[in-house]
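Q: Following is a predicted model, sequence given first.
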Amino acid sequence: MVNIELLKEQNKWWIAKEKIDEDVNIEKLNKVKYVWHPEVIDSFDTEKDIIYTLRGSRQVGKTTALKLLIKRLLTKNQKENICYLTCNNIDTHRELIEVLQIYLEWVNNAGRRYIFIDEITFVKNWTRAIKHLADIGLLQKCTIILTGSNSHDLKYEVERMPGRRGEDPVLDKILFPVTFREYMGFVEPDMVSRFTPLEKAADFSRRLLPQTVRERSSLTGFTADSAKNNYVFYKKELRKYLDNFLLTGGFIQAINSFVSDGRISIDVYHQYLSWVLGDLAKLGRKETFSRQIFEQVIGSMTANIGFDTIAKKTSIGSHLTVRDYLDVMESNFILKILYQIDINKKTGMLRKTKKIYFQDVFLFWVFFGYVFGLSDYFESSKSKLNDAILKSKLIEDLIMSHLMRMEDSVNWSNKVFFFRAANQNEVDFVVRLSNDELVPIEVKYKDGVSFKDFRNLEKINKSKGIVISKEDFLADGDKFIFPAEVFLLVFDKPF
């Protein structure tokens, strides 16, 4: 039987506002070096009757983000008007209705209510609870944020609540891991401030280059504080931090573990692995099949592969089963399926071979250690990073996860694709801008990158494109060669 006393255990600030600092998630922030304040926190309109969703990977920081927002709201609102509820122990929509009714009947004032429901996708038919409460008028003067780690389930369910969610340009938000620029903001804030981020990459040439620099050059026309000169000055440090980021990825727990101990604790790897395998098991997926798929993805990362090929190389047998598992893994923010683009239609082609990436490079190391049974995940990953071929693949994965932030949906590529010509030549990424223009991006993480490397890109766009290099930095009109670090710093909000 749920009562208000049980709810109070999750809402310590109901006793006194300063009790928010005793919340387990807030207390953890006092014990780590870097505290991440995701920008998504600032994107919620907390003065309207709106039902938002916040999606993101397990352990990416959704709960902590909610608690930081709650702490901010406590400075201007009555403490009992802010309610946090985790759904770990709620099984049915009827239980959810009961809990919320108890709270809404208990809070007895005219102020706006803020309701945060964490991991709501654990509750079967949860939309029936929200719709019921909305229809009987109990959600008036309520701002609600629902979180979940399964993108498909959360998005599919909220689509069944038309007309009940309020108005906002972006009702469904995604919390992605820390970007490289955000990471650099932690470790070297002065250095990162010297690389001005672009607001609109579609207009990148006019923003990055002075109007007088419009012809082929080594960017010598830049002023002393330009990206080129700053890169040359900080190149050694940037390379070191990029290597570190290739180990930690954007998961803040891994980043803090690394900065604290000089290595990532095995417990951090195992925690992420346990969450993922546990969630897949809850969804009825066999661990033996999941493990085989992860092994195939690791072996084929950055290369073309078909669902039928994975089926033949595993004991799974059916390409339909492979597709089902991959869809679930993508929905749970583990993998990303990239589709070939139809240049004429500017859309993805479902029946062609795909490329499959990890949505964050840290997840690559988690499953690399799991698949190959490693005893020391960190030392093994640190050693493998010396493999130039693997490092180049990880750079491509990192660029993909950066570009992925453009997508409207985690489960379908509608802005980022790859291109494969009839002669098998490929372009790693093709970005469809808001004006439908296609911009090709190629990763050439090696020495000696030049404008000759634009030959394949010109099949997509003859005048614009980006090649991401190891250290070469060149410009020719709207064609650019950027070191990986510079691209990730300057294009912090890609396109």
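A: Yes, it's here. Residues are numbered from 1 along each chain as shown.
Q: burial count for residue 259?
A: Neighbour count for residue 259, taken as other Cβ atoms under 10 Å: 15. C-beta: built from backbone N, CA, C; applies to glycine.
Q: thinking it is in contact with residue 33, fair?
A: Yes: taking Cβ atoms under 8 Å as the definition, residue 259 is a contact partner of residue 33 at 5.4 Å.
Q: Give me the pLDDT for the closest residue to residue 361 other than its chain neighbours.
A: Nearest residue to residue 361, sequence neighbours excluded (Cβ to Cβ, 6 or more residues apart in numbering): residue 249, at 4.4 Å. Per-residue confidence (pLDDT) for residue 249: 97.
Q: how many other residues sit next to residue 249?
A: Using other Cβ under 10 Å, the number of residues around residue 249 comes to 28.
Q: repeat for residue 310
A: Per other Cβ under 10 Å, the neighbour tally for residue 310 reads 23.
Q: that's a helix at it, yeah?
A: Yes: the assignment for residue 310 (DSSP: H, G, I helix; E, B strand; the rest coil) places it in a helix.
Q: Can you name the residues that contact it?
A: 293, 296, 316, 319, 322 (Cβ atoms under 8 Å, 6 or more residues apart in numbering).
Q: Okay, it and residue 297: tell me how far apart.
A: As for residue 310, its distance to residue 297 is 8 Å (criterion: Cβ to Cβ, to the nearest Å).
Q: got it, and residue 193?
A: Between residue 193 and residue 297 the computed distance is 37 Å (Cβ to Cβ).
Q: still on that earlier bit, okay, and the common contacts of residue 259 and residue 33?
A: With Cβ under 8 Å, 6+ apart as the test, residue 259 and residue 33 reach no residue in common.
Q: For the residue nearest to residue 361, give its distance to residue 178.
A: On the measure of Cβ to Cβ, residue 249 and residue 178 end up 8 Å apart.
Q: Ok, residue 404 next?
A: Per Cβ to Cβ, residue 404 is found 14 Å from residue 178.
Q: more neighbours, the two?
A: Per other Cβ under 10 Å, whichever of residue 404 and residue 178 has more neighbours is residue 178, with 24 against 21.
Q: Name the helix or strand for the closest residue to the more buried one other than its chain neighbours, please.
A: Residue nearest to residue 178 in three dimensions, not counting chain neighbours: residue 250, with 3.9 Å by Cβ to Cβ, 6+ apart. Using DSSP states H and E, residue 250 sits in no helix or strand.
Q: OK, contacts around residue 250?
A: So residue 250 contacts 176, 177, 178, 179, 180, 182, 183, 360, 362, 401 (Cβ under 8 Å, 6+ apart).
Q: Buried ones only from the residues you listed, please, as a ChimeraX command.
A: Applying 16 or more other Cβ atoms under 10 Å to the contacts of residue 250 leaves a buried subset, and the ChimeraX line that selects it is:
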select :176,177,178,179,180,182,183,360,362,401
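Q: now, which of the contacts of residue 250 lie within helices?
A: Using DSSP state H, the subset of these located in helices is 180, 182, 183, 362, 401.
Q: Reformat those residues as TSV; add distance to residue 431.
A: Output for those, formatted as TSV (distance: Cβ to Cβ, whole Å):
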residue	distance to residue 431
180	18
182	21
183	23
362	24
401	14
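Q: Nearest to residue 477 among those residues?
A: Checking these against residue 477 with Cβ to Cβ, the nearest one is residue 180 at 26.5 Å.
Q: okay but that closest one is in contact with residue 246, surely?
A: No: counting by Cβ under 8 Å, residue 180 does not reach residue 246; the two are 9.8 Å apart.
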